[in-house]
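Need coordinates for the below:
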Amino acid sequence: MTTIAAQSLEGSSTPNSTDKAACTLYDARAVALATFLGTPVAGGILIALNYRRIGRPGTAVKTMIAAIVGTGLLILVGWDIPHGLDSLIAIGVMFAMKAIAKSFQGHTITEHVAGGGKLASMWSACWIGLATLAALFGCIFLVLYMKDRLPGVMVGSKDEVFYSGSATKEEAQALGTALKTDGYFSDKGTNVILVKGKDGTKIQFVVKEGVWNQVPMVEGFEIVGQQVAASVGGLPIEVDLLNKERVVEMNSNVGKVAADRKDSVYYLGAATETDAQSLGEALKTAGFFQGNGSDVFLSKHADGTMISFVVNDGVWDNPSSVKGFEDLARKVAPAAGGTPLKLRLMSTALVVKKDEML
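This is a model prediction of the structure:
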């Protein structure tokens with residue numbers, strides 16, 4: 001003759017008297033512990049195990065689905081919660097899961113114990129909680145990693161060009177080759193990202209902290225972008241400086257305006273195509289641009305406006321030649337926004353040879 005406990009257990013079938021010693025169930029305390037250590041998913045696992053052991057596999061599956069959905073909602077809601085409140089929420093969720101376990105399985109557990117059944121070890125509840133937490137964090141890390149992971153090509157053994165949007169693997173490879181030829185890639189684990197889309201082409205450099213606040217460094221990256229732009233379709237492009245989390249800290253325009261058959265004005269930083277066109281016209285009017293293949297750079301940064309002339313070797317050491325460029329810069333300054341501005345003379349390899357304020 002069966003006992004009342006063996007007949008009830010919330011109206012479900014239970015192990016017979018022979019199997020009672022082997023059937024262990026988790027009480028509300030174990031559910032609370034697992035929840036505290038491993039989120040509601042862990043507490044849901046224990047409740048689901050109870051349902052499965054008393055012969056209700058369908059309810060066990062529903063319990064797990066509810067626990068997973070609930071945990072997902074908690075993660076979404078709690079993602080931006082100020083630090084300090086998360087512990088209070090964890091305690092609140094623990095007591096909520098304990099109350100749920102008592103409400104849905106409290107009577108079952110009581111009759112199970114009264115009928116000779118055993119409770120599952122609190123240690124096993126602890127390990128299930130910790131294992132669930134580890135698995136959950138592993139899944140979150142994998143999702144975030146895959147979300148941020150872009151396809152890329154290796155250049156050498158350490159440097160890498162990642163690409164996204166409509167950029168292709170072949171374009172990334174071409175950019176990597178150009179960066180290596182330019183000397184920017186030197187097998188030191190440097191990362192660059194090529195982005196193409198409806199807004200144009202971006203070359204993004206992952207740099208050290210604070211580099212974006214150093215104008216000479218920013219100018220250097222703009223020049224690198226100008227020199228390798230042909231490998232990804234040509235100018236104009238945008239050059240971005242990213243921190244180690246790949247957040248954009250600085251972006252610059254890098255473009256070119258053909259002022260004559262061979263003469264060009266490149267614009268950098270906050271300078272625009274319109275600015276470059278105005279300067280090009282002023283240089284033509286002043287007689288500097290005569291179709292001889294002259295290059296001028298117009299850049300605008302936090303420290304002001306600069307006009308850079310690419311000149312032949314030794315010009316920067318000739319006082320009369322320098323004076324001529326000073327006069328020219330002052331003459332065309334209104335087209336670039338007026339004075340004060342910086343005058344720069346660069347070699348044909350774009351190495352800075354002379355800087356002065358006007």
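
Give me the below-cutoff pLDDT ranges for this structure.
Across the chain, the ranges flagged by pLDDT under 70 are 1-22, 78-86, 143-148.

for it, longest strand please?
Ranked by residue count under DSSP state E, the longest strand found in the chain is strand 248-258.

after that strand comes which helix or strand?
Where DSSP states H and E defines the elements, the next helix or strand beyond strand 248-258 is strand 264-269.

sorry, back to before: which residues touch the longest strand of the chain?
202, 204, 212, 218, 221-222, 225-226, 229, 235-243, 264-273, 276-277, 280 (CB atoms under 8 Å, 6 or more residues apart in numbering). In short, each C-beta sits where N, CA and C put it, glycine included.

swap in stretch 319-336?
Stretch 319-336 is contacted by residues 275, 278-279, 281-283, 286, 288, 298, 305, 307, 309, 311, 315-316, 339, 341, 343, 345, 354, 356, 358 when judged by CB under 8 Å, 6+ apart.

Who does the longest strand of the chain pair with, and is each partner parallel or antiparallel?
Sheet pairing of strand 248-258 (DSSP bridges) gives strand 237-242 (antiparallel), strand 264-269 (antiparallel).

TSV please, covering these and showing mean neighbour count and distance to residue 58.
Shown next, in TSV, are the strands paired with strand 248-258 (neighbours: other CB atoms under 10 Å; distance: least, CB to CB, whole Å):
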stretch	mean neighbour count	distance to residue 58
strand 237-242	22	50
strand 264-269	24	65
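
Which of the ones you listed sits closest to residue 127?
Closest approach to residue 127 among the strands paired with strand 248-258 (CB to CB): strand 237-242, 41.5 Å.

How far away from the center of its chain is the closest one?
Chain-centre distance of strand 237-242: 15 Å, with CA atoms, centre = their mean, to the nearest Å.

give the contact list for residue 195.
163, 164, 165, 167, 201, 202, 203, 204.

element containing it?
strand 191-197.

and after that strand, which helix or strand comes next?
Assigned by DSSP H and E, the successor of strand 191-197 is strand 200-206.

Adjacent strands (with direction) for that next one?
Applying DSSP bridges, strand 200-206 is found paired with strand 191-197 (antiparallel), strand 237-242 (parallel).

got those strands as JSON lines, with distance to residue 40 columns?
Listed next are those as JSON lines, based on distance: least, CB to CB, whole Å:
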{"stretch": "strand 191-197", "distance to residue 40": "38"}
{"stretch": "strand 237-242", "distance to residue 40": "37"}
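
The helix or strand harbouring residue 177 to strand 200-206, inter-axis angle?
Using DSSP H and E, residue 177 sits within helix 169-182. Using axes from the mean of the first three to the mean of the last three CA atoms, to 10 degrees, the direction of helix 169-182 lies 50 degrees away from that of strand 200-206.

Show me what helix 169-182 is in contact with.
Against helix 169-182 from outside (CB under 8 Å, 6+ apart): 151-156, 159-163, 185-186, 192, 194, 196, 203, 224, 227-228, 230-233.

Likewise for stretch 118-129?
Against stretch 118-129 from outside (CB under 8 Å, 6+ apart): 21, 23-27, 29-31, 33-38, 42-43, 45-46, 49, 109, 113.

Helices - which of these land there?
29-31, 33-38, 42-43, 45-46, 49, 109, 113 (DSSP state H).

What sits closest to the most centrally placed residue in the chain if chain neighbours are left out?
The centroid of the chain falls nearest to residue 246 when counting by CA atoms, centre = their mean (4.5 Å). Computed as CB to CB, 6 or more residues apart in numbering, the closest residue to residue 246 that is not its neighbour in sequence is residue 206, at 6.5 Å.

If anything else comes up later, I'll come back, but that's it for now.
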